[in-house]
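# Structural data only, the sequence is not supplied:
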(Lines give C-alpha, C1' and ligand atoms only; values in the text may rest on other atoms or scores of the structure.)
Protein backbone atom coordinates (compact mmCIF):
# COMPACT_ATOMS: atom_id res chain seq x y z
CA UNK A 1 0.00 0.00 0.00
CA UNK A 2 1.41 3.42 -0.96
CA UNK A 3 1.90 5.81 1.90
CA UNK A 4 0.03 9.05 1.41
CA UNK A 5 1.97 12.05 2.75
CA UNK A 6 -1.18 13.98 3.56
CA UNK A 7 -1.85 11.51 6.48
CA UNK A 8 1.00 13.25 8.30
CA UNK A 9 -1.24 16.30 8.72
CA UNK A 10 -3.64 14.32 10.98
CA UNK A 11 -1.02 12.79 13.28
CA UNK A 12 -0.35 15.94 15.36
CA UNK A 13 -4.09 16.58 15.48
CA UNK A 14 -4.79 13.10 16.92
CA UNK A 15 -2.05 13.47 19.53
CA UNK A 16 -3.45 16.85 20.51
CA UNK A 17 -6.96 15.53 20.98
CA UNK A 18 -5.65 12.66 23.15
CA UNK A 19 -3.71 15.11 25.32
CA UNK A 20 -6.77 17.33 25.80
CA UNK A 21 -8.97 14.35 26.73
CA UNK A 22 -6.50 13.11 29.31
CA UNK A 23 -6.12 16.61 30.79
CA UNK A 24 -9.90 17.01 31.02
CA UNK A 25 -10.21 13.62 32.71
CA UNK A 26 -7.50 14.48 35.20
CA UNK A 27 -9.13 17.82 36.06
CA UNK A 28 -12.46 16.06 36.53
CA UNK A 29 -10.92 13.52 38.90
CA UNK A 30 -9.14 16.25 40.87
CA UNK A 31 -12.39 18.21 41.13
CA UNK A 32 -14.24 15.15 42.43
CA UNK A 33 -11.52 14.34 44.93
CA UNK A 34 -11.69 17.89 46.34
CA UNK A 35 -15.43 17.47 46.95
CA UNK A 36 -14.90 14.26 48.99
CA UNK A 37 -14.64 14.87 52.75
CA UNK A 38 -11.33 14.21 54.50
CA UNK A 39 -13.11 11.51 56.54
CA UNK A 40 -13.43 9.41 53.39
CA UNK A 41 -9.67 9.29 52.88
CA UNK A 42 -9.12 8.72 56.60
CA UNK A 43 -11.46 5.75 56.40
CA UNK A 44 -9.56 4.30 53.45
CA UNK A 45 -6.30 4.78 55.32
CA UNK A 46 -7.67 2.98 58.39
CA UNK A 47 -8.83 0.10 56.20
CA UNK A 48 -5.39 -0.20 54.61
CA UNK A 49 -3.83 -0.21 58.09
CA UNK A 50 -6.26 -2.94 59.23
CA UNK A 51 -8.13 -0.73 61.67
CA UNK A 52 -11.77 -1.57 60.76
CA UNK A 53 -13.42 0.04 63.80
CA UNK A 54 -11.79 3.43 63.17
CA UNK A 55 -12.53 3.08 59.45
CA UNK A 56 -16.25 2.56 60.21
CA UNK A 57 -16.31 5.68 62.41
CA UNK A 58 -14.72 7.67 59.59
CA UNK A 59 -17.21 6.41 57.00
CA UNK A 60 -20.10 7.21 59.35
CA UNK A 61 -18.78 10.77 59.45
CA UNK A 62 -18.81 10.82 55.64
CA UNK A 63 -22.42 9.65 55.60
CA UNK A 64 -23.39 12.41 58.03
CA UNK A 65 -21.67 15.09 55.98
CA UNK A 66 -23.04 13.85 52.66
CA UNK A 67 -26.49 12.21 52.97
CA UNK A 68 -26.53 11.60 49.20
CA UNK A 69 -24.01 8.79 49.48
CA UNK A 70 -26.62 6.00 49.36
CA UNK A 71 -24.14 3.31 48.35
CA UNK A 72 -22.02 4.11 51.37
CA UNK A 73 -25.13 3.83 53.57
CA UNK A 74 -25.88 0.39 52.12
CA UNK A 75 -22.29 -0.73 52.63
CA UNK A 76 -22.27 0.46 56.25
CA UNK A 77 -25.63 -1.15 56.99
CA UNK A 78 -24.50 -4.52 55.61
CA UNK A 79 -21.26 -4.27 57.54
CA UNK A 80 -23.07 -3.57 60.81
CA UNK A 81 -25.41 -6.51 60.19
CA UNK A 82 -22.49 -8.88 59.55
CA UNK A 83 -20.84 -7.68 62.76
CA UNK A 84 -24.05 -8.29 64.70
CA UNK A 85 -24.62 -4.58 65.44
CA UNK A 86 -28.28 -4.77 64.50
CA UNK A 87 -29.39 -1.51 66.11
CA UNK A 88 -26.84 0.49 64.10
CA UNK A 89 -27.71 -1.39 60.89
CA UNK A 90 -31.41 -0.64 61.38
CA UNK A 91 -30.71 3.06 62.02
CA UNK A 92 -28.65 3.34 58.83
CA UNK A 93 -31.39 1.80 56.69
CA UNK A 94 -34.15 3.75 58.45
CA UNK A 95 -32.33 6.98 57.63
CA UNK A 96 -32.39 5.99 53.96
CA UNK A 97 -36.09 5.12 54.01
CA UNK A 98 -36.91 8.45 55.66
CA UNK A 99 -35.62 10.36 52.61
CA UNK A 100 -38.46 11.54 50.40
CA UNK A 101 -36.12 12.02 47.40
CA UNK A 102 -34.85 8.44 47.43
CA UNK A 103 -35.34 6.77 44.02
CA UNK A 104 -37.79 3.85 43.91
CA UNK A 105 -35.01 1.34 43.15
CA UNK A 106 -32.96 2.45 46.16
CA UNK A 107 -36.08 2.47 48.36
CA UNK A 108 -36.77 -1.18 47.50
CA UNK A 109 -33.12 -1.98 48.22
CA UNK A 110 -33.28 -0.22 51.59
CA UNK A 111 -36.53 -1.99 52.48
CA UNK A 112 -34.95 -5.35 51.66
CA UNK A 113 -31.91 -4.52 53.76
CA UNK A 114 -33.94 -3.46 56.80
CA UNK A 115 -36.08 -6.59 56.47
CA UNK A 116 -32.88 -8.64 56.76
CA UNK A 117 -31.87 -6.54 59.78
CA UNK A 118 -35.16 -7.24 61.53
CA UNK A 119 -34.96 -10.94 60.71
CA UNK A 120 -31.44 -11.33 62.07
CA UNK A 121 -32.38 -9.32 65.16
CA UNK A 122 -35.27 -11.71 65.83
CA UNK A 123 -37.92 -9.04 65.26
CA UNK A 124 -40.06 -11.39 63.21
CA UNK A 125 -43.22 -9.27 63.14
CA UNK A 126 -41.37 -6.26 61.70
CA UNK A 127 -39.44 -8.46 59.28
CA UNK A 128 -42.69 -9.97 58.07
CA UNK A 129 -44.21 -6.52 57.45
CA UNK A 130 -41.12 -5.37 55.55
CA UNK A 131 -41.02 -8.47 53.37
CA UNK A 132 -44.73 -8.14 52.60
CA UNK A 133 -44.09 -4.60 51.33
CA UNK A 134 -41.57 -6.05 48.88
CA UNK A 135 -44.16 -8.18 47.10
CA UNK A 136 -44.50 -7.07 43.51
CA UNK A 137 -40.98 -5.61 43.47
CA UNK A 138 -37.72 -6.99 42.12
CA UNK A 139 -37.21 -8.58 45.54
CA UNK A 140 -40.51 -10.47 45.45
CA UNK A 141 -39.01 -13.95 45.22
CA UNK A 142 -36.47 -13.32 47.98
CA UNK A 143 -39.24 -11.89 50.15
CA UNK A 144 -41.44 -14.97 49.71
CA UNK A 145 -38.54 -17.27 50.59
CA UNK A 146 -37.88 -15.27 53.73
CA UNK A 147 -41.57 -15.27 54.65
CA UNK A 148 -41.96 -19.02 54.71
CA UNK A 149 -38.80 -19.25 56.83
CA UNK A 150 -40.38 -16.80 59.27
CA UNK A 151 -43.61 -18.82 59.37
CA UNK A 152 -41.56 -21.97 59.96
CA UNK A 153 -39.93 -20.33 62.98
CA UNK A 154 -43.33 -19.24 64.30
CA UNK A 155 -44.81 -22.71 63.55
CA UNK A 156 -47.51 -21.00 61.52
CA UNK A 157 -47.83 -23.89 59.12
CA UNK A 158 -50.90 -22.64 57.24
CA UNK A 159 -49.20 -19.41 56.20
CA UNK A 160 -45.96 -21.30 55.48
CA UNK A 161 -47.90 -23.45 53.02
CA UNK A 162 -49.42 -20.33 51.41
CA UNK A 163 -45.96 -18.79 51.00
CA UNK A 164 -44.58 -21.99 49.46
CA UNK A 165 -47.50 -22.11 47.03
CA UNK A 166 -46.80 -18.49 46.07
CA UNK A 167 -43.16 -19.35 45.42
CA UNK A 168 -44.26 -22.26 43.25
CA UNK A 169 -46.36 -19.91 41.11
CA UNK A 170 -43.42 -17.49 40.78
CA UNK A 171 -40.67 -19.96 39.96
CA UNK A 172 -42.29 -23.35 39.38
CA UNK A 173 -40.08 -24.67 42.16
CA UNK A 174 -41.23 -27.52 44.39
CA UNK A 175 -40.31 -26.99 48.04
CA UNK A 176 -39.81 -30.45 49.50
CA UNK A 177 -40.53 -29.47 53.10
CA UNK A 178 -44.13 -28.63 52.17
CA UNK A 179 -45.01 -32.25 52.96
CA UNK A 180 -43.55 -31.72 56.44
CA UNK A 181 -45.73 -28.61 56.92
CA UNK A 182 -48.83 -30.73 56.33
CA UNK A 183 -47.42 -33.43 58.64
CA UNK A 184 -46.89 -30.84 61.37
CA UNK A 185 -50.52 -29.78 61.04
CA UNK A 186 -51.68 -33.41 61.11
CA UNK A 187 -49.73 -34.07 64.31
CA UNK A 188 -51.17 -30.97 65.98
CA UNK A 189 -54.70 -32.03 65.04
CA UNK A 190 -54.06 -35.59 66.18
CA UNK A 191 -52.64 -34.46 69.54
CA UNK A 192 -55.46 -32.01 70.26
CA UNK A 193 -57.96 -32.82 73.00
CA UNK A 194 -60.04 -34.49 71.72
CA UNK A 195 -58.12 -35.56 68.58
CA UNK A 196 -59.51 -34.07 65.36
CA UNK A 197 -59.27 -37.23 63.25
CA UNK A 198 -61.06 -35.77 60.24
CA UNK A 199 -58.72 -32.75 60.03
CA UNK A 200 -55.67 -34.95 60.62
CA UNK A 201 -56.67 -37.24 57.75
CA UNK A 202 -57.18 -34.22 55.49
CA UNK A 203 -53.71 -32.85 56.34
CA UNK A 204 -52.21 -36.30 55.81
CA UNK A 205 -53.82 -36.55 52.37
CA UNK A 206 -52.34 -33.17 51.45
CA UNK A 207 -48.93 -34.32 52.67
CA UNK A 208 -49.19 -37.42 50.47
CA UNK A 209 -50.20 -35.26 47.51
CA UNK A 210 -47.23 -32.96 48.08
CA UNK A 211 -44.90 -35.95 48.32
CA UNK A 212 -46.28 -37.49 45.12
CA UNK A 213 -45.53 -34.25 43.22
CA UNK A 214 -41.95 -34.16 44.53
CA UNK A 215 -39.53 -35.19 41.74
CA UNK A 216 -37.19 -36.74 44.33
CA UNK A 217 -39.20 -37.73 47.42
CA UNK A 218 -37.09 -38.42 50.49
CA UNK A 219 -37.20 -41.54 52.62
CA UNK A 220 -37.65 -39.33 55.69
CA UNK A 221 -40.85 -37.75 54.35
CA UNK A 222 -42.21 -41.16 53.34
CA UNK A 223 -41.45 -42.55 56.80
CA UNK A 224 -43.08 -39.61 58.56
CA UNK A 225 -46.27 -39.81 56.50
CA UNK A 226 -46.58 -43.54 57.21
CA UNK A 227 -45.93 -42.94 60.92
CA UNK A 228 -48.78 -40.42 61.06
CA UNK A 229 -51.00 -42.82 59.13
CA UNK A 230 -50.23 -45.46 61.76
CA UNK A 231 -50.88 -42.99 64.59
CA UNK A 232 -54.32 -42.15 63.18
CA UNK A 233 -55.12 -45.87 62.91
CA UNK A 234 -53.95 -46.32 66.52
CA UNK A 235 -56.35 -43.63 67.74
CA UNK A 236 -59.13 -45.31 65.79
CA UNK A 237 -58.04 -48.67 67.32
CA UNK A 238 -57.52 -50.12 63.85
CA UNK A 239 -54.59 -52.44 64.59
CA UNK A 240 -54.43 -53.95 61.12
CA UNK A 241 -54.09 -50.57 59.39
CA UNK A 242 -51.53 -49.45 61.96
CA UNK A 243 -49.48 -52.60 61.44
CA UNK A 244 -49.66 -52.31 57.66
CA UNK A 245 -48.41 -48.70 57.73
CA UNK A 246 -45.54 -49.49 60.11
CA UNK A 247 -44.44 -52.55 58.14
CA UNK A 248 -44.46 -50.42 55.00
CA UNK A 249 -41.80 -48.23 56.59
CA UNK A 250 -39.52 -51.27 56.84
CA UNK A 251 -39.84 -51.63 53.06
CA UNK A 252 -39.82 -48.01 51.83
CA UNK A 253 -37.61 -46.37 54.46
CA UNK A 254 -35.71 -49.23 56.16
CA UNK A 255 -33.26 -46.97 57.99
CA UNK A 256 -36.16 -45.49 59.97
CA UNK A 257 -37.07 -48.81 61.60
CA UNK A 258 -35.55 -47.55 64.85
CA UNK A 259 -38.26 -44.89 65.14
CA UNK A 260 -41.16 -47.32 64.90
CA UNK A 261 -39.79 -50.54 66.46
CA UNK A 262 -41.41 -49.94 69.87
CA UNK A 263 -44.85 -49.14 68.41
CA UNK A 264 -44.65 -52.18 66.14
CA UNK A 265 -43.72 -54.32 69.15
CA UNK A 266 -46.79 -53.08 71.03
CA UNK A 267 -49.03 -53.78 68.04
CA UNK A 268 -47.88 -57.41 67.67
CA UNK A 269 -47.98 -58.07 71.41
CA UNK A 270 -51.68 -57.10 71.51
CA UNK A 271 -52.31 -59.90 69.02
CA UNK A 272 -49.95 -62.33 70.80
CA UNK A 273 -47.76 -62.47 67.68
CA UNK A 274 -44.50 -61.14 69.14
CA UNK A 275 -42.61 -64.22 67.95
CA UNK A 276 -43.53 -63.47 64.35
CA UNK A 277 -42.36 -59.87 64.70
CA UNK A 278 -39.11 -60.98 66.31
CA UNK A 279 -38.24 -62.97 63.18
CA UNK A 280 -39.00 -59.90 61.04
CA UNK A 281 -36.83 -57.67 63.24
CA UNK A 282 -33.90 -60.11 63.28
CA UNK A 283 -33.91 -60.30 59.47
CA UNK A 284 -34.18 -56.52 59.22
CA UNK A 285 -31.37 -55.96 61.71
CA UNK A 286 -29.01 -58.18 59.70
CA UNK A 287 -29.55 -55.92 56.67
CA UNK A 288 -29.81 -52.58 58.50
CA UNK A 289 -28.03 -52.84 61.88
CA UNK A 290 -29.07 -50.15 64.32
CA UNK A 291 -28.61 -49.62 68.06
CA UNK A 292 -32.25 -48.78 68.80
CA UNK A 293 -33.51 -51.79 66.86
CA UNK A 294 -30.99 -54.07 68.58
CA UNK A 295 -32.32 -52.85 71.93
CA UNK A 296 -35.86 -53.96 71.02
CA UNK A 297 -34.66 -57.27 69.54
CA UNK A 298 -32.67 -58.09 72.68
CA UNK A 299 -35.60 -57.42 75.00
CA UNK A 300 -38.00 -59.41 72.84
CA UNK A 301 -35.56 -62.31 72.41
CA UNK A 302 -34.86 -62.44 76.14
CA UNK A 303 -38.59 -62.65 76.83
CA UNK A 304 -39.49 -65.13 74.06
CA UNK A 305 -36.41 -67.33 73.57
CA UNK A 306 -34.62 -66.98 76.88
CA UNK A 307 -31.61 -65.24 78.36
CA UNK A 308 -28.93 -67.45 76.85
CA UNK A 309 -30.10 -67.02 73.26
CA UNK A 310 -30.61 -63.28 73.77
CA UNK A 311 -27.04 -62.80 75.04
CA UNK A 312 -25.69 -65.03 72.32
CA UNK A 313 -27.34 -62.78 69.74
CA UNK A 314 -26.05 -59.69 71.55
CA UNK A 315 -22.51 -61.08 71.58
CA UNK A 316 -22.64 -61.76 67.84
CA UNK A 317 -24.01 -58.28 67.19
CA UNK A 318 -21.36 -56.56 69.32
CA UNK A 319 -18.64 -58.56 67.59
CA UNK A 320 -19.80 -57.43 64.15
CA UNK A 321 -20.84 -53.91 65.23
CA UNK A 322 -19.02 -52.92 68.46
CA UNK A 323 -21.15 -50.58 70.56
CA UNK A 324 -20.85 -49.56 74.21
CA UNK A 325 -24.32 -48.05 73.98
CA UNK A 326 -25.88 -51.39 72.98
CA UNK A 327 -24.04 -53.14 75.82
CA UNK A 328 -25.22 -50.47 78.25
CA UNK A 329 -28.85 -50.97 77.23
CA UNK A 330 -28.60 -54.76 77.50
CA UNK A 331 -27.15 -54.46 80.99
CA UNK A 332 -29.99 -52.15 81.96
CA UNK A 333 -32.43 -54.89 81.05
CA UNK A 334 -30.58 -57.28 83.38
CA UNK A 335 -30.53 -54.72 86.17
CA UNK A 336 -34.29 -54.13 85.86
CA UNK A 337 -34.90 -57.88 85.92
CA UNK A 338 -32.77 -58.18 89.04
CA UNK A 339 -34.75 -55.41 90.72
CA UNK A 340 -38.02 -57.25 90.02
CA UNK A 341 -36.74 -60.34 91.79
CA UNK A 342 -35.47 -62.49 88.94
CA UNK A 343 -31.87 -61.78 89.86
CA UNK A 344 -29.00 -61.15 87.47
CA UNK A 345 -28.56 -63.74 84.78
CA UNK A 346 -24.91 -62.90 84.19
CA UNK A 347 -23.58 -65.71 86.36
CA UNK A 348 -20.15 -65.61 84.72
CA UNK A 349 -19.65 -61.93 85.39
CA UNK A 350 -16.98 -61.08 87.93
CA UNK A 351 -18.88 -57.91 88.89
CA UNK A 352 -22.60 -57.37 89.58
CA UNK A 353 -24.55 -56.36 86.47
CA UNK A 354 -25.64 -53.10 88.12
CA UNK A 355 -22.04 -52.02 88.75
CA UNK A 356 -20.92 -52.95 85.24
CA UNK A 357 -23.88 -51.04 83.79
CA UNK A 358 -23.02 -47.93 85.82
CA UNK A 359 -19.41 -48.02 84.64
CA UNK A 360 -20.40 -48.42 80.99
CA UNK A 361 -23.16 -45.80 81.26
CA UNK A 362 -20.66 -43.10 82.20
CA UNK A 363 -19.03 -43.48 78.80
CA UNK A 364 -22.22 -43.72 76.77
CA UNK A 365 -24.23 -40.71 77.96
CA UNK A 366 -22.77 -38.41 75.35
CA UNK A 367 -23.21 -41.04 72.63
CA UNK A 368 -26.92 -41.66 73.26
CA UNK A 369 -28.01 -38.71 71.09
CA UNK A 370 -29.07 -37.82 67.59
CA UNK A 371 -26.95 -35.26 65.77
CA UNK A 372 -27.69 -32.75 63.00
CA UNK A 373 -25.32 -33.30 60.09
CA UNK A 374 -25.43 -29.58 59.20
CA UNK A 375 -24.90 -27.69 62.45
CA UNK A 376 -24.02 -30.55 64.81
CA UNK A 377 -26.91 -29.81 67.22
CA UNK A 378 -27.38 -32.86 69.47
CA UNK A 379 -30.62 -34.05 71.04
CA UNK A 380 -31.90 -37.12 72.85
CA UNK A 381 -34.99 -37.29 70.68
CA UNK A 382 -35.29 -37.38 66.91
CA UNK A 383 -36.32 -34.18 65.12
CA UNK A 384 -37.61 -33.81 61.58
CA UNK A 385 -36.52 -30.16 61.70
CA UNK A 386 -33.32 -29.28 63.53
CA UNK A 387 -33.93 -26.90 66.49
CA UNK A 388 -30.48 -25.42 65.89
CA UNK A 389 -30.22 -24.56 62.19
CA UNK A 390 -33.93 -25.16 61.35
CA UNK A 391 -32.96 -27.43 58.47
CA UNK A 392 -35.30 -30.23 57.46
CA UNK A 393 -34.29 -33.89 57.43
CA UNK A 394 -30.81 -33.11 58.74
CA UNK A 395 -30.91 -35.75 61.50
CA UNK A 396 -29.79 -39.29 60.83
CA UNK A 397 -32.13 -41.88 62.40
CA UNK A 398 -29.09 -43.26 64.19
CA UNK A 399 -27.37 -42.49 67.46
CA UNK A 400 -24.16 -40.47 67.63
CA UNK A 401 -22.03 -43.56 68.39
CA UNK A 402 -23.09 -45.14 65.09
CA UNK A 403 -21.97 -42.07 63.11
CA UNK A 404 -18.46 -41.89 64.54
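Structure received. Predicted model only: the values in this text are computed from it and were never measured.

# how many other residues sit next to residue 242?
Neighbour count of residue 242, defined by other Cβ atoms under 10 Å: 23. To be clear about C-beta, it is placed using only N, CA and C from the backbone, and glycine gets the same treatment.

# Going by secondary structure, it is in what exactly?
Taking DSSP states H and E as the criterion, residue 242 maps to helix 239-252.

# mind listing what's buried in that helix?
The neighbour-count criterion (16 or more other Cβ atoms under 10 Å) identifies 242, 243, 245, 246, 247, 248, 249, 250 as the buried residues of helix 239-252.

# Show me the shaky parts of the chain.
For the chain, residues meeting the criterion pLDDT under 70 lie at 1-69, 338-366, 404.

# Turn the buried residues of helix 239-252 into TSV, columns for distance to residue 277.
What follows is the buried residues of helix 239-252, written out as TSV (distance: Cβ to Cβ, whole Å):
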residue	distance to residue 277
242	13
243	9
245	15
246	10
247	9
248	15
249	14
250	11
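
# that older thread, which strands and helices sit next to the helix holding residue 242?
Of the remaining helices and strands, those touching helix 239-252 by 3 or more Cβ pairs under 8 Å, 6 or more residues apart in numbering; DSSP states H and E are helix 219-235, helix 257-270, helix 274-287.

# Now for the nearest residue in space to residue 367 that is not next to it in sequence: which residues touch it?
By the measure of Cβ to Cβ, 6 or more residues apart in numbering, the closest residue to residue 367 outside its immediate chain neighbours is residue 401, 3.8 Å from it. The neighbours of residue 401, taking Cβ atoms under 8 Å, 6 or more residues apart in numbering as the test, are 291, 323, 324, 325, 364, 367, 368.

# Ok, residue 242 next?
For residue 242, the contact set (Cβ under 8 Å, 6+ apart) comprises 230, 231, 233, 234, 263, 267.

# one step back: may I see the contacts of residue 401 organised as TSV, with distance to residue 224 added?
What follows is the contacts of residue 401, written out as TSV (distance: Cβ to Cβ, whole Å):
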residue	distance to residue 224
291	21
323	26
324	30
325	25
364	28
367	25
368	22
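
# Doesn't residue 192 belong to a strand?
No - looking at residue 192 with DSSP: H, G, I helix; E, B strand; the rest coil, it is coil, so not inside a strand.

# Is there a neighbour count for it? I'd like the number.
For residue 192, the number of neighbouring residues by other Cβ under 10 Å comes to 12.

# Residue 86 and residue 80 touch, don't they?
Yes - counting by Cβ atoms under 8 Å, residue 86 sits close enough to residue 80 to count as a contact (7.4 Å).

# which stretches of the stretch 301-404 of the chain form strands?
Assigned strands in the stretch 301-404 of the chain, in chain order: 370-371, 378-379 (criterion: DSSP state E, counting those that start in this stretch).

# Can you tell me how far residue 95 is from residue 72?
12 Å (Cβ to Cβ, to the nearest Å).

# whoops, I mixed them up, residue 100
19 Å.

# can you check residue 223 too?
When distance is defined by Cβ to Cβ, residue 223 is 52 Å away from residue 72.

# Give the residue from those two that has the larger number of neighbours.
For residue 223 versus residue 72, neighbours defined as other Cβ under 10 Å are more numerous around residue 223 (23 against 18).

# pretty sure the more buried one is in contact with residue 257, am I right?
No - judged on Cβ under 8 Å, residue 223 makes no contact with residue 257 at a distance of 9.2 Å.

# Need the phi and psi values for the closest residue to residue 289 other than its chain neighbours.
Counting by Cβ to Cβ, 6+ apart, the nearest residue to residue 289 once its immediate chain neighbours are dropped is residue 321, at 5.1 Å. Summarising the backbone geometry of residue 321 under the convention degrees, to the nearest 10, its torsions are phi -130, psi 80.

# Just give the number of residues close to residue 321.
Other residues near residue 321 number 14, with proximity taken as other Cβ under 10 Å.

# any idea how far the nearest residue to residue 313 once chain neighbours are set aside lies from residue 316?
With Cβ to Cβ, 6+ apart as the measure, residue 301 is the residue that lies nearest to residue 313, at 5.8 Å, once sequence neighbours are left out. Distance of residue 301 to residue 316, computed by Cβ to Cβ: 12 Å.

# next one: residue 183
In this structure, residue 183 and residue 316 are separated by 37 Å, where distance is defined by Cβ to Cβ.

# Looking at those two, which is more packed in?
A direct count of neighbours by other Cβ under 10 Å for residue 183 and residue 316 places residue 183 higher, at 25 against 10.

# How is the more buried one assigned, secondary-structure-wise?
Residue 183 carries the three-state label helix when classified by three-state DSSP.

# how near is the closest residue to residue 381 other than its chain neighbours to residue 153?
Using Cβ to Cβ, 6+ apart and skipping residues adjacent in sequence, the residue nearest residue 381 is residue 370, 7.1 Å away. Between residue 370 and residue 153 the distance, using Cβ to Cβ, works out to 21 Å.

# go on, residue 101?
Distance of residue 101 to residue 153, computed by Cβ to Cβ: 36 Å.
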